[in-house]
Each structure stands twice: as structure tokens, then as C-alpha cells.
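**Q** Just a sequence and a predicted model for now, questions to come.
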Amino acid sequence: MIEHLNPQPVTPRRVVIIGAGGFVGGAATARLNAESVPVLASTRRELDLLAADAGQLLADRITAEDSVVLVSAIAPCRTSGQFLDNVAMARALCAALEKTVPAHLVYISSDAVYADGASLIDERSCAQPSSLHGAMHAAREAMLRASYSGPLCVLRPSLLYGARDPHNGYGPNRFRRLAAEGKDIVLFGQGEEQRDHVLIDDLARLVGLVLARRSRGVLNVATGVSVSFREIADMVVALAGKSVAIKDSLRQNPISHRHFDITASHKAFPRFHYTSLADGLARVHAEVHGLAQSRGQG
């Protein structure tokens, strides 16, 4: 659950986005720029969080009036080495926070901190990660809470999708690329699992909202509507307009679903509405098509 320290939206003095070069950080930066919010976009080129002096360099960039958004991460986190590097990156920010305390801190975590199960997930659900990726985010959340004395807002997005996603994870992003190439989409089992998918633009909008309201606490970022991967594949193929086969495969893992109760989101931001999966996939398809055309003309 989150609470707003600003009764009405207030434009932050400046937002420092750590990890602005990535999929999520880039979307948040673009959204804030569109809203004329002053942004210091920090990418790996400007600051390597794994460098020995990263904490000091970061402290030199942050002021007490800044709002800071930590997005930078090696994701998905699958190995112990990646886990340790992600912890080291968070440690750099923690070291900076010991020298300079910014006005607000927002951490983009993940719903992977929750265990799979049949129960509805909400912000009061116990964080019991069953993957190294989830354990990494849970550890970083704990580190930031221990190091920062100001208002901390943790956003835990469900599965994200968007035109500029560099990853090829199972779901909308992979299905779209396969369909565009006219290749078969192979499901896990029969694609029965139901998951909640969030358009990256919606997460970017929420980042802007929590910054403007100087919110603190935890908020899950999920639409409240879970859809099977079979349905997603059908929607992607229909948009592609190509003859693409959707094939089942032998199941390697048990079927697990994930559903969210988004009551807290409605209470926090009554006027905010998530983009439906059908509309989001159509927007992504149009954006990808537009990008391809512009590159062809260039």
C-alpha cells in the first residue's frame, strides 16, 4: 500500500534516473521529458555502477532536492554472478545515500518477489521469491530500506511488454518477433498459464504519478486481468496477418497462474486506468511497424 506525501501533484525539482538507457528507464525518461519534468538521465556510459568508486560518483550527482529512480539491473537475473552484480549495483546507491539523502526514492522492483500460488496477490502478500531474479529484487528492496531514511516507493510490475523491449522472454515480445518472421510459436504445454501483462507505457505513467505525489510504500503494477499465453499468441498472430502456426509442446513444469487484486492501485490513483492487453498489443504492433518503415526510409 502507498500513501501520498503531496496532497496534490507537484512537479519534482529534478528526477535522477539510474538506468535510463534500458527498456524501463528509457520509457520513464521519455514520459517525464514529455511532461517537462527536469531529468538527469544516467546510463552505464556516464556511470558504471559496478565500478569501485560508483558510490562516490553517484553521491556527487545527487542533491537533497532530487527524486531518484533506481531501474538499473541485470535482468533477468539467472546466475549467482548476476545476483551478486545486481546487489553490488544497489550497494553503490546505498553508499551514495549515506552521503546525500534525496527528497524521494523510487525503486522499480518486480512481482517475482512473490511466490506462485492460486491466491490473489496484493501488496500485503508475503514476499517469498522462488527464483533468483525475485530474490535479487527482494534483497535490493531490503538494502534500500535499510540505507534510506526518506520516503521510499517500491513499484513491483508484473510482466512487461513493449515495442522497444530488447529481451526475448516467453510471451508477447517473443511471440511478436516470431510472428513477424513467419515462424511457429511454440507454447509451454498448451499455453494454459494465465499471467498479467503490463504495457511499458503504463508503468512509465505510474512512475510519473508516484513522483508527483511523492508517494511511499509498495504498489503492485498489474492490470488485474490475467490472460493465458494461448490467448496472447492468438492475438499476436491476428495482428501479424500472417500464416503462423501455434504449437503445443510437452510440459516441463507444473501449470501455475498469477492473479492480482489491484484495489490498492484504484485507491491510490482513481483516475489511472491500465491499457487492455488487446489495445496494448495493437499499439505495439503499430509502433513496431512505424519504426520499421522509418528505418527503411532512412
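**A** Happy to help now that I have it.

**Q** so where do the strands sit in this protein?
**A** Per DSSP state E, the chain carries strands over the ranges 2-4, 15-18, 39-42, 67-70, 104-108, 152-157, 159-161, 185-186, 194-195, 197-199, 215-221, 227-228, 246-247.

**Q** Can I get these in TSV including mean neighbour count?
**A** C-betas here are computed from N, CA, C, even on glycine. Listed next are those as TSV, based on neighbours: other C-beta atoms under 10 Å:
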stretch	mean neighbour count
strand 2-4	17
strand 15-18	26
strand 39-42	20
strand 67-70	27
strand 104-108	25
strand 152-157	23
strand 159-161	21
strand 185-186	19
strand 194-195	18
strand 197-199	24
strand 215-221	21
strand 227-228	17
strand 246-247	15
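
**Q** Nearest approach to residue 236 belongs to which of these?
**A** For these, the distance to residue 236 is smallest for strand 185-186, at 7.5 Å, taking C-beta to C-beta.

**Q** Tell me which of the strands of the chain sits nearest to residue 146.
**A** Going by C-beta to C-beta, the one of the strands of the chain nearest residue 146 is strand 152-157, 10.5 Å.

**Q** hang on, the earlier thing: as JSON lines, the strands of the chain with mean pLDDT and distance to residue 87 would be great.
**A** Output for the strands of the chain, formatted as JSON lines (pLDDT from 0 to 100; distance: least, C-beta to C-beta, whole Å):
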{"stretch": "strand 2-4", "mean pLDDT": "97", "distance to residue 87": "25"}
{"stretch": "strand 15-18", "mean pLDDT": "98", "distance to residue 87": "15"}
{"stretch": "strand 39-42", "mean pLDDT": "96", "distance to residue 87": "19"}
{"stretch": "strand 67-70", "mean pLDDT": "98", "distance to residue 87": "13"}
{"stretch": "strand 104-108", "mean pLDDT": "98", "distance to residue 87": "14"}
{"stretch": "strand 152-157", "mean pLDDT": "98", "distance to residue 87": "16"}
{"stretch": "strand 159-161", "mean pLDDT": "96", "distance to residue 87": "22"}
{"stretch": "strand 185-186", "mean pLDDT": "97", "distance to residue 87": "34"}
{"stretch": "strand 194-195", "mean pLDDT": "94", "distance to residue 87": "27"}
{"stretch": "strand 197-199", "mean pLDDT": "98", "distance to residue 87": "25"}
{"stretch": "strand 215-221", "mean pLDDT": "98", "distance to residue 87": "20"}
{"stretch": "strand 227-228", "mean pLDDT": "96", "distance to residue 87": "33"}
{"stretch": "strand 246-247", "mean pLDDT": "97", "distance to residue 87": "39"}
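
**Q** With that, I have no additional questions.
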